[in-house]
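Student: With the sequence up front, the predicted model follows.
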Amino acid sequence: EDWAPAVEAGVLGGGADERMPLTHALAVNAVTRDLPEGPEVSFTLTWAGEVLTGSQVQELGDVWVAALAELVEEAERPGAGGRTPSDLPLVTLTQTEIDQIAQL
């Protein structure tokens, strides 16, 4: 069979050993799963309790979810999207030039 995460580990894997030191004050682990009803994003936040409080992390998570919801809403609007210079690394075009080509 193809590789798959262990079912007992949950969507994002098992919890880290609490004795293991963190490499950052805040770590975000996210995964998107394609489900029959559409994609689903799950994420976990792990933080250093000596640096951030649970309420600070909750607020950050809430703001991040709201920002993602706004991105989804924007992406679903007619005419949303398009190319940017970073999408075309083999040519040197400005955003204005890309927009002009797209209108042709």
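Tutor: Structure received. Numbers count the residues shown, from 1 in each chain.
Student: Only C-alpha atoms from now on, for both contacts and neighbour counts.
Tutor: Will do.
Student: Secondary structure element for S55, which one?
Tutor: Taking DSSP states H and E as the definition, S55 sits inside helix 54-75.
Student: Can you point out the buried residues in the following helix or strand past that helix?
Tutor: Sequence-wise, the next helix or strand downstream of helix 54-75 (DSSP H and E) is helix 95-102. Residues of helix 95-102 classed as buried by neighbour count (16 or more other Cα atoms under 10 Å): I98.
Student: what's the distance between helix 95-102 and the middle of its chain?
Tutor: 28 Å (Cα atoms, centre = their mean, to the nearest Å).
Student: Can I get the helix holding S55 in PDB, CA atoms only?
Tutor: Provided in PDB are the C-alpha atoms of helix 54-75 (Å, rounded to 0.1, in the frame of the first residue of the first chain):
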ATOM      1  CA  GLY A  54      -2.800  30.000  26.300                       C
ATOM      2  CA  SER A  55      -5.000  32.900  25.700                       C
ATOM      3  CA  GLN A  56      -2.500  34.600  23.500                       C
ATOM      4  CA  VAL A  57      -2.100  31.500  21.400                       C
ATOM      5  CA  GLN A  58      -5.900  31.100  21.300                       C
ATOM      6  CA  GLU A  59      -6.200  34.700  20.000                       C
ATOM      7  CA  LEU A  60      -3.600  34.000  17.400                       C
ATOM      8  CA  GLY A  61      -5.300  30.900  16.300                       C
ATOM      9  CA  ASP A  62      -8.600  32.600  16.000                       C
ATOM     10  CA  VAL A  63      -7.100  35.500  14.000                       C
ATOM     11  CA  TRP A  64      -5.400  32.900  11.700                       C
ATOM     12  CA  VAL A  65      -8.600  31.000  11.100                       C
ATOM     13  CA  ALA A  66     -10.400  34.300  10.300                       C
ATOM     14  CA  ALA A  67      -7.600  35.200   7.800                       C
ATOM     15  CA  LEU A  68      -7.900  31.800   6.100                       C
ATOM     16  CA  ALA A  69     -11.600  32.200   5.800                       C
ATOM     17  CA  GLU A  70     -11.200  35.600   4.200                       C
ATOM     18  CA  LEU A  71      -8.700  34.100   1.700                       C
ATOM     19  CA  VAL A  72     -11.100  31.300   0.800                       C
ATOM     20  CA  GLU A  73     -13.900  33.900   0.300                       C
ATOM     21  CA  GLU A  74     -11.700  36.000  -1.900                       C
ATOM     22  CA  ALA A  75     -10.500  33.000  -3.900                       C
END
